[in-house]
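[1] predicted model and sequence below, questions to follow.
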Amino acid sequence: MKTVWFDRHPDLALSDDVDLEGLRPETVVVGAGLTGLAIGVLLARSGQDVVILEYQRLGGVTTGHTTAKLSLLQGSQFSTILERHSPEMLAAYLEANREGQAWLRRFMDEKGVEYQVRDAWTYATTEKGLKELEAEHEACRQVGLAVEMAEPTELPFEVAGALRLPDQLQIDPLLVLDALRAQFVEHGGVLVEGVRVTDATSGQPVEVTTSRGKLTAREVILATGAPFLDRGGHFAKLVPQRSYVTMHKPAGAIPQGMYLSIDAPTRSLRTVETPEGQLLMVGGNGHVTGRTDRESEAVDSLEAWTKEHFPGAEMTHSWSAQDYEPHDTLPFAGPLPGGGGAIYAATGFPSTRPTTPSPSAGTSSGSAFSSAATQSFANSPATPTVFLTTCATVPSFNERLFSASAQAICPPRSCWLRFSAAATALAIPHLL
Ligand SMILES: Cc1cc2nc3c(=O)[nH]c(=O)nc-3n(C[C@H](O)[C@H](O)[C@H](O)COP(=O)(O)OP(=O)(O)OC[C@H]3O[C@@H](n4cnc5c(N)ncnc54)[C@H](O)[C@@H]3O)c2cc1C
């Protein structure tokens with residue numbers, strides 16, 4: 001089924017047909033999701049000659065299938081990061097997210113893109129969840145994120161506890177992408193949809209092979225979800241996760257805040273504004289991609305849960321989508337190993353995860369590496385501000401786009417250094 005976002009915007013224009021053969025832009029960005037378009041806009045605004053190449057259409061893979069919350073409160077992400085990294089790293093993560101959220105909010109304000117300001121909530125329904133909630137509260141407190149323990153009054157069921165962060169945003173991802181596209185083009189950028197990039201050399205200039213011919217560029221940025229070039233070995237560092245989203249026409253009052261359960265199976269709630277009135281979005285039931293043969297049951301259980309708690313609600317849409325959990329809780333953004341310093345990638349921006357596999361969504365009984373990684377990223381959140389993290393970690397973009405303070409928030413290359421260690425541990429010699 002179509003997502004509510006594509007259903008609402010059937011008339012989004014496709015890009016012009018452009019002859020790629022022989023083009024020589026300074027930068028080619030591969031992928032027109034939120035990551036690729038935001039990077040493209042920042043570079044084009046700085047005066048660079050940029051081409052974005054997209055296999056499908058704008059937002060066609062993950063961004064146009066998300067729950068589209070732009071929140072700094074992210075389930076148990078902060079405490080999960082703190083289990084593995086220093087408080088300084090967590091503070092850098094928060095700062096990058098804050099900057100990115102502020103950047104996108106300013107952009108939406110300037111362009112008149114509609115969004116809603118809401119309280120974000122993470123709630124627990126079990127004693128175990130409450131302990132995790134307390135750990136999250138403490139982690140947020142350590143880095144100065146002003147969350148508070150509060151009683152949600154809108155949920156139609158008992159909770160053991162909840163954290164609240166006011167002044168967060170819920171967006172329509174396609175409206176945002178469309179506005180980014182318009183600004184990208186306004187600044188001379190070229191966006192081409194329906195073209196697959198199949199290879200990029202490591203020399204200078206980089207030769208980019210596509211399904212519609214070759215072009216060259218000084219730099220290439222992979223903003224493709226998981227990087228499709230295997231030089232970075234991301235297949236060993238990312239766990240693909242599929243999760244499910246349903247939309248419902250409510251029969252009565254629905255919560256106006258954005259809610260996320262800390263207990264499994266995950267439940268993610270928000271409203272979606274439509275001309276016919278508000279709809280209720282309910283997401284969750286994630287699992288490692290491919291590790292279930294009962295995908296339809298994941299949707300059925302979301303529908304049943306919604307009917308139980310919001311009697312009379314009628315399901316209008318359902319879909320699933322995939323994202324990629326990084327093995328050490330932090331996104332990767334920087335030069336691709338083996339890319340000759342001219343190929344960059346930005347990846348590892350997951351949404352929410354259940355702490356244990358949901359009964360309806362199969363089990364994660366894979367390799368020791370992937371199940372360990374899955375567990376370690378329990379409830380890891382979306383990183384709504386992917387673009388800023390990306391740009392702040394790509395050194396050559398730093399010089400052109402960001403102030404020294406922005407550069408300081410994400411130590412360049414640290415992610416890749418950690419990866420080298422992981423690759424050694426996994427004994428994959430050709431990656432080193
Ligand atoms: C169900 C779900 C809900 C989510 N909810 C949220 C949320 O509420 N808030 C949040 O911040 N995050 C959320 N996320 C996380 C989400 O993944 C990221 O926030 C973000 O949308 C990822 O954007 P992206 O641009 O990196 O990837 P994508 O949107 O997937 O864009 C990558 C693009 O690259 C293109 N591409 C791939 N390979 C090639 C190729 N070889 N050649 C040309 N093009 C190619 C694809 O067609 C695609 O359009 C959610 C994820 C899921 C799965």
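    That came in fine, so what should we check first? Residues are numbered from 1 along each chain as shown.
[2] around the ligand, which positions in the stretch 201-350 of the chain sit nearby?
    The stretch 201-350 of the chain has residues 223-225, 228, 243, 245, 283, 321-323, 349 near the ligand, with proximity defined as Cβ under 6 Å from any ligand atom. Yep, even glycine has a C-beta here, placed from its N, CA and C like the rest.
[3] for the host helix or strand of residue 28, packing partners?
    Assigned by DSSP states H and E, residue 28 belongs to strand 27-30. For strand 27-30, the elements it packs on are helix 34-45, strand 50-54, strand 197-200, strand 213-217, strand 219-222, judged by 3 or more Cβ pairs under 8 Å, 6 or more residues apart in numbering; DSSP states H and E.
[4] pull the residues that contact that strand.
    36, 39-40, 43, 48-54, 197, 200, 206, 208, 215, 217-224, 228 (Cβ atoms under 8 Å, 6 or more residues apart in numbering).
[5] residue of this structure closest to the ligand, please.
    residue 33 (2.2 Å; Cβ to the nearest ligand atom).
[6] surely that residue touches residue 57?
    No - between residue 33 and residue 57 there is no contact under Cβ atoms under 8 Å: 10.7 Å.
[7] out of these two, which sits in the busier spot?
    Neighbour count, other Cβ atoms under 10 Å: between residue 33 and residue 57, residue 33 has more, with 25 against 17.
[8] please name the nearest non-neighbouring residue to that one.
    residue 63 (3.9 Å; Cβ to Cβ, 6 or more residues apart in numbering).
[9] now residue 289
    residue 240 (4.0 Å).
[10] how far out from the middle of the chain is the helix or strand containing that neighbour?
    Per DSSP H and E: residue 240 is located in strand 238-249. Mean-position distance between strand 238-249 and its chain equals 12 Å (Cα atoms, centre = their mean, to the nearest Å).
[11] mind listing what whichever helix or strand comes after that strand pairs with, with the direction of each?
    Moving toward the C-terminus from strand 238-249, the next helix or strand (DSSP H and E) is strand 258-261. Sheet pairing of strand 258-261 (DSSP bridges) gives strand 115-124 (parallel), strand 267-274 (antiparallel).
[12] what is the next helix-or-strand element following the first one packed up against?
    In this case it means strand 115-124. Following strand 115-124 in sequence order, the next helix or strand is helix 127-142 (DSSP H and E). Contacts defined by 3+ Cβ pairs under 8 Å, 6+ apart place helix 127-142 against helix 77-84, helix 87-111, strand 115-124, strand 161-171.
[13] can we see that at 10 Å?
    The contact analysis (3 or more Cβ pairs under 10 Å, 6 or more residues apart in numbering; DSSP states H and E) places helix 127-142 against helix 77-84, helix 87-111, strand 115-124, strand 148-149, strand 161-171.
[14] buried residues in it?
    Residues of helix 127-142 classed as buried: 129-130, 132-133, 135-137, 139-140 (neighbour count, 16 or more other Cβ atoms under 10 Å).
[15] cool, and stretch 210-225?
    210, 212, 215-225.
[16] repeat that for stretch 255-275.
    With burial defined by 16+ other Cβ under 10 Å, the residues of stretch 255-275 counted as buried are 255, 257-272.
[17] give me the three-state assignment for the residue most central in space within the chain.
    Per Cα atoms, centre = their mean, the C-alpha nearest to the average position across the chain is that of residue 349, at 3.9 Å. Under DSSP: H, G, I helix; E, B strand; the rest coil, residue 349 falls in the coil class.
[18] measure it to residue 326 for me?
    Distance, residue 349 to residue 326, by Cβ to Cβ, to the nearest Å: 9 Å.
[19] residue 158 now?
    Counting by Cβ to Cβ, the gap from residue 158 to residue 326 is 34 Å.
[20] pLDDT weak spots in the stretch 251-400 of the chain?
    Under the criterion of pLDDT under 70, the regions of the stretch 251-400 of the chain flagged as low confidence span 352-400.
[21] going along the chain, name the strands of it.
    258-261, 267-274, 277-288, 314-326, 332-335, 343-347 (DSSP state E, counting those that start in this stretch).
[22] skipping adjacent residues, who's closest to residue 209 in space?
    Among residues not flanking residue 209 along the chain, residue 199 sits closest, at 4.2 Å (Cβ to Cβ, 6+ apart).
[23] ok, that neighbour touching residue 222?
    No - if you go by Cβ atoms under 10 Å, residue 199 and residue 222 don't touch, sitting 11.6 Å apart.
[24] give me the common contacts of those two.
    228-229 (Cβ atoms under 10 Å, 6 or more residues apart in numbering).
[25] which parts of the stretch 1-150 of the chain sit against the ligand?
    Taking Cβ under 6 Å from any ligand atom as the contact definition, the stretch 1-150 of the chain meets the ligand at 30-36, 53-56, 60-63, 65-69.
[26] apply 5 Å and report the result again.
    30-31, 33-35, 55-56, 60-63, 66-67, 69 (Cβ under 5 Å from any ligand atom).
[27] which of those residues sits closest to residue 303?
    residue 67 (16.2 Å; Cβ to Cβ).
[28] can you list residues touching both of residue 33 and residue 57?
    64, 177.
[29] could the helices and strands packed on helix 127-142 be laid out in CSV, adding mean pLDDT?
    Below are the helices and strands packed on helix 127-142 laid out as CSV (pLDDT from 0 to 100):
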stretch, mean pLDDT
helix 77-84, 96
helix 87-111, 95
strand 115-124, 98
strand 148-149, 97
strand 161-171, 98
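[30] could these be laid out in TSV, adding distance to residue 192?
    Below are the helices and strands packed on helix 127-142 laid out as TSV (distance: least, Cβ to Cβ, whole Å):
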stretch	distance to residue 192
helix 77-84	35
helix 87-111	22
strand 115-124	28
strand 148-149	47
strand 161-171	25
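[31] would JSON lines of those with mean neighbour count and distance to residue 332 be doable?
    Putting the helices and strands packed on helix 127-142 into JSON lines (neighbours: other Cβ atoms under 10 Å; distance: least, Cβ to Cβ, whole Å) gives the following:
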{"stretch": "helix 77-84", "mean neighbour count": "21", "distance to residue 332": "14"}
{"stretch": "helix 87-111", "mean neighbour count": "18", "distance to residue 332": "13"}
{"stretch": "strand 115-124", "mean neighbour count": "21", "distance to residue 332": "25"}
{"stretch": "strand 148-149", "mean neighbour count": "12", "distance to residue 332": "32"}
{"stretch": "strand 161-171", "mean neighbour count": "20", "distance to residue 332": "24"}
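[32] I'd like to know which of those is closest to residue 184.
    Nearest of the helices and strands packed on helix 127-142 (Cβ to Cβ): helix 87-111, 11.7 Å.
[33] pull the distance from the closest one to the chain's centre.
    On Cα atoms, centre = their mean, the centre of helix 87-111 falls 14 Å from the chain's centre.
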